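Chemist: I would like the atomic coordinates for the input below:
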Amino acid sequence: MAAAPAVVGDLIIPLRSWMDIEAKKEPLIYPKSPNHKKSCSKESVIRKATVAYGIVELMMRSDTNNNVESLDEDVVQIDNFAVHVSKKSSRQRHQPWDDIKGVSMIYPGLALSIEEPAYLSCLMEPEEKQGQLGRYLEVEEMMTSEVPPPENSPVRTAAAAESDDKERTTDHRCYYMVAKVLYELFVNEIFPEDCSLAEGVSTVTAAATEEPAPKKAKSSFPQSLDKAELPFQRPSIVRMQQLGIPASLCLMTENILESALRGDDGQSSDDAYKSLRDVAEDLHLLLLDPDRFVFDNEVQSTENMKLRYRKEKLYGRDKEESLITDAFCRVSRGKSEAFFIGGFSGCGKSMLVNTLRARVNVVGGYVIKHKFDALSQERSLSGVISAVNQLCLMLKDRNTPPKLALLANKLRDEFGADIGLLARIVKNVKVLSPEFVSPAAAEEAGGGDKMNARSVGFTLSRFMRLVSSPKHPVMWADDTALDVIHTFLSDKIGSCMFFVGTYRDNEVHADHAVFDLMKKLESSHVPTNKVSLTGLDREDLNTMISDALCLYPRICKSLSEVVMQKTKGNPFFVLEFMKSLKDRDLLKYNFHQRRWVWDEGTIRAEEITNNVLHLLSSKMNGLSDNVQLLLKVMACFGTKTSESVIGYLMDSAEYSAVEEGLKKAVSDGFIERNRKGTFKFVHDKVREAAYNLIPESDRKQ
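Modeler: Residues are numbered from 1 along each chain as shown. Here you go, the predicted model:
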């Protein structure tokens, strides 16, 4: 890769001078009371983390073989680095912390530019940039001939060159020096020498140079060390914590020091770094999402501490997401297509479908959805009619009065005297034009159910043909009334529909109607795709847990291995399993370390069910009577219940306790409230577990 030229006009400031400027600009905020720790401003932390990222990247490039053994004390020190700062004022920059443009090493004469790819900025709306702290940064080597050393630099190149004749230290000592640099960068104080640590590093270094070594050097760590249970004890890390340096940076510095004590016998903390590349990756993660991985939780009690899952993030489905997106792009060019998604309950089928919603809206399309409820007695055709009723409301909301009038004329021309038939089947067609409501239609309440499926399907197909087009494709996520769906998709006259069907492949057999539909669509030459979702792989599962715990992925690997064994990587099962660990104090937040900790051995030894339904049922059985009552009542109404129904129940003497139960069910994560004021179960399995609370004898009442 060719080196990038230095940015003309950037200021090059010795790192120590830059640190002094930062200290004056963003001083530590002193505590208001003895019980409060000092804290650092977010902008200052992000700027320093950016510089730290550049320093570590420079150190990896300081040797052509990327060997940290080539680094010595003349190289790894604050006075050997300089910061490239933009001359633009804060008003000219997007954010107050994006003035760091690069970092350079005075010796051996290396420089890196640090920048965010321009295309990422273009993808974001101005309002998104306004509150964004995270940045995806890339580094690129600069032409060192264009990067002069800063004036008044304490390190002279000639003096540094003499260090070539000095004996190089081992990588253990190098890690120690890296920790000192990061400490001084973030704290702006001289590193407090820890005698036991210095002796440990010296012992490791001396032992490494002896040939042969009569005895392997022993690490100062006890063999049974469990870092998750011990507080920070080293003077340097305690000092960082006292000054309010974020826990993630304290932990990083601690782990780098642990790497310095890693002897030939391999004894060290499991959290010790294995390479500088790992340090760089952690810093990159901190800068990418500082709100999650840098800034500590401000909650003051364990009861209020929650796992921070990314609810809208689809983990480990990049390939499937690409396939379904490509299929929709083909549909938006004017052809109908079907896409089937199989997989166990909780594997992310609905989330995969939801990834398309934004794309459908961008091209002016419509998304209609109906979820088949296996516990209800709903007729299959009513699901199709309900979805088309949704579409009518979308058409009204997204079109101007002139466009609605044009659509009404098209419907009138298409149906003629049969417009009343359409109004009987699709009640919401009246919102497109009041004249579509006839006295006969009003008298025929439920008339659509009296008609046969073929006539209903034909009528709905004519309607879909008119309202869908390449400019306004219709995406239908459904799994009911499959014969009608086949009629829609095989219509060659002009409908433009993307049907997405999801099913649980462990609950359907080879003779199920969904497979019959696939065969019919293929015989009708309708493009049909099929994917099957399985559990997450280890890396994606570890990323999911890392996000939830706001911890470095490398720290979470041991826990992820246990979770993988217990859940087989099923995303919803993982979420519920982690919640159960928290409820049982096998996973808890340590306020001293400001991080989640766990007892891996106890979790591994626990006899925990491998069935998510049993896990949910066990949890619900421990809830209060009020919460159980609420869950049982809502389960009878289906996957969702309107606010008006909840209000009606609250006013009745028999169910007045549901109000208290609702609050607890929402806070515990069983129920969520959407923007339309509807309360719904967070997942089908939650509703199924709630329904199972009802005795068999009471279910038919």
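Chemist: Show me where the stretch 151-300 of the chain has its helices.
Modeler: If you assign secondary structure with DSSP state H, counting those that start in this stretch, the helices in the stretch 151-300 of the chain sit at 157-162, 171-187, 195-209, 235-242, 247-260, 276-288, 290-293.
Chemist: got a pLDDT number for Lys38?
Modeler: The predicted local distance difference test score for Lys38 is 50.
Chemist: where are the low-confidence patches of the stretch 51-200 of the chain?
Modeler: Across the stretch 51-200 of the chain, residues meeting the criterion (pLDDT under 70) sit at 63-71, 88-98, 117-136, 142-171, 194-200.
Chemist: hang on, the earlier thing: take the helices of the stretch 151-300 of the chain and lay them out in TSV including distance to Gly622.
Modeler: Where you see a C-beta, it was placed from the backbone N, CA and C, and this is true even at glycine. Below are those laid out as TSV (distance: least, C-beta to C-beta, whole Å):
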stretch	distance to Gly622
helix 157-162	66
helix 171-187	44
helix 195-209	47
helix 235-242	37
helix 247-260	32
helix 276-288	37
helix 290-293	30
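Chemist: which stretch among those helices comes nearest Arg61?
Modeler: Distances from Arg61 to each of the helices of the stretch 151-300 of the chain were compared by C-beta to C-beta, and the smallest falls on helix 276-288, at 10.2 Å.
Chemist: Pull out the buried residues from that closest one.
Modeler: Within helix 276-288, the residues scored as buried using 16 or more other C-beta atoms under 10 Å are Leu276, Asp278, Val279, Ala280, Glu281, Asp282, Leu283, His284, Leu285, Leu286, Leu287.
Chemist: so for it, what's the average pLDDT?
Modeler: The model assigns helix 276-288 a mean pLDDT of 93.
Chemist: name the helices or strands packed onto that helix?
Modeler: Where contact means 3 or more C-beta pairs under 8 Å, 6 or more residues apart in numbering; DSSP states H and E, helix 276-288 is packed against helix 42-61, helix 247-260, helix 553-567.
Chemist: The helix or strand following the longest one - which strands sit beside it in the sheet, and in what orientation?
Modeler: To tie it back to what came earlier, the one meant is helix 42-61. Once the chain leaves helix 42-61, the next helix or strand it forms, by DSSP states H and E, is strand 81-85. Next to strand 81-85 in the sheet, as set by DSSP bridges, lie strand 11-14 (antiparallel), strand 100-105 (antiparallel).
Chemist: Need the winner for burial among those.
Modeler: The highest mean neighbour count among these, using mean count of other C-beta atoms under 10 Å, belongs to strand 100-105: a mean of 26.
Chemist: ok so, going back, identify whichever of the helices and strands packed on helix 276-288 lies nearest to Ser332.
Modeler: Distance to Ser332, taken as C-beta to C-beta, is lowest for helix 553-567 among the helices and strands packed on helix 276-288, at 36.7 Å.
Chemist: Could you check the angle that closest one makes with helix 276-288?
Modeler: Angle between the axes of helix 553-567 and helix 276-288 is 90 degrees (criterion: axes from the mean of the first three to the mean of the last three C-alpha atoms, to 10 degrees).
Chemist: who does the next helix or strand after helix 553-567 touch, helix- and strand-wise?
Modeler: Past helix 553-567, further along toward the C-terminus, the next helix or strand under DSSP H and E is helix 571-583. Taking 3+ C-beta pairs under 8 Å, 6+ apart as the contact definition, the neighbouring helices and strands of helix 571-583 are helix 538-549, helix 553-567, strand 587-590, helix 612-621.
Chemist: Can I get the longest one in PDB? Just the C-alpha atoms.
Modeler: Taking C-alpha atoms only, helix 553-567 is exported to PDB below (Å, rounded to 0.1, in the frame of the first residue of the first chain):
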ATOM      1  CA  PRO A 553     -14.700  -9.600  23.000                       C
ATOM      2  CA  ARG A 554     -11.500 -11.300  24.200                       C
ATOM      3  CA  ILE A 555     -12.600 -11.000  27.800                       C
ATOM      4  CA  CYS A 556     -16.000 -12.700  27.000                       C
ATOM      5  CA  LYS A 557     -14.700 -15.700  25.200                       C
ATOM      6  CA  SER A 558     -14.700 -18.100  28.100                       C
ATOM      7  CA  LEU A 559     -18.200 -17.200  29.000                       C
ATOM      8  CA  SER A 560     -19.300 -17.400  25.400                       C
ATOM      9  CA  GLU A 561     -18.000 -21.000  25.200                       C
ATOM     10  CA  VAL A 562     -20.200 -22.100  28.100                       C
ATOM     11  CA  VAL A 563     -23.200 -20.200  26.600                       C
ATOM     12  CA  MET A 564     -22.600 -21.900  23.300                       C
ATOM     13  CA  GLN A 565     -22.700 -25.300  24.900                       C
ATOM     14  CA  LYS A 566     -25.900 -24.600  26.800                       C
ATOM     15  CA  THR A 567     -27.800 -22.800  23.900                       C
END
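Chemist: Please name the bridge partners of the closest residue to Leu11 other than its chain neighbours.
Modeler: The spatial neighbour of Leu11 that comes closest, neighbours along the chain excluded (C-beta to C-beta, 6 or more residues apart in numbering), is Val85 at 4.6 Å. Here Val85 sits in beta bridges with Leu11, Ile100, going by DSSP bridges.
Chemist: Val85 against Leu15, yeah?
Modeler: No. Using C-beta atoms under 8 Å, Val85 is not in contact with Leu15, being 11.1 Å away.
Chemist: Looking at those two, which is more packed in?
Modeler: A direct count of neighbours by other C-beta atoms under 10 Å for Val85 and Leu15 places Leu15 higher, at 24 against 17.
Chemist: my guess is that one meets Phe81, correct?
Modeler: Yes. Contact between Leu15 and Phe81 holds when scored by C-beta under 8 Å: they sit 4.1 Å apart.
Chemist: Name the residues contacting each of these two.
Modeler: Val103 (C-beta atoms under 8 Å, 6 or more residues apart in numbering).
Chemist: ok, which pair from the buried residues of helix 276-288 is furthest apart?
Modeler: The largest distance within those, taken as C-beta to C-beta, falls between Leu276 and Leu287 and amounts to 16.5 Å.
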